[in-house]
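> From the sequence below, what's the structure:
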Amino acid sequence: MDTPRQKHLVLILAREFASNLSTPTLIADEGGRLVFYNEAAAAVTGTPFAEIGEVPLDEWTASFVPRTLDDDVADPAPAERRPTRIALDERRPSHERFLITSRDGVEREVEISAFPLFAHADEFIGIVAIFWRT
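From the prediction side, this is the model:
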């Protein structure tokens, strides 16, 4: 039987911090699994975290069909341009503006800032992404 792996203390502390923020915030682990988003993010996504649960971040992100706003034309955003993917793959901060359609069917313009979490300089733990509604 597969036992669930215990969350790293950094992820636990990040979740506690995010749960007290009024800014929409999500957290993913080092493998790219969405492990939490706060109530403010639920207002943007249209669905509370308790209904979604832990899922691969790319699967969750794809449900919003993030689109770029280059030249006022909304094209699907390639994964390599998404701040969450950049923070996960390149382990560096990233910021981008997108148009998303939330699970509740509402179209929103958001800016996303994502940054990596480290326990030590060489121990990557996951990422935090903050959504700024424009």
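> what are the pairing partners of the longest strand belonging to the chain, and which direction each?
If you go by DSSP state E, the chain has its longest strand at strand 107-120. When pairs are called by DSSP bridges, strand 107-120 turns out to pair with strand 94-101 (antiparallel), strand 123-133 (antiparallel).
> Quick one: distance of it to the chain centre.
6 Å (CA atoms, centre = their mean, to the nearest Å).
> Can you flag the weakest of the strands paired with strand 107-120 by average pLDDT?
Considering the strands paired with strand 107-120 one by one, the lowest average pLDDT is found for strand 94-101, at a mean of 90.
> which outside residues touch that one?
Applying CB atoms under 8 Å, 6 or more residues apart in numbering, the set of residues contacting strand 94-101 from outside is 44, 64-69, 74, 77, 81-83, 86-87, 107-115, 134. To be clear about C-beta, it is placed using only N, CA and C from the backbone, and glycine gets the same treatment.
> All the strands of this protein, in order from the start?
Counting by DSSP E, the chain forms strands over residues 25-29, 33-37, 55-56, 67-68, 75-76, 94-101, 107-120, 123-133, given from the N-terminal end onward.
> Right, I'll call it a day here.
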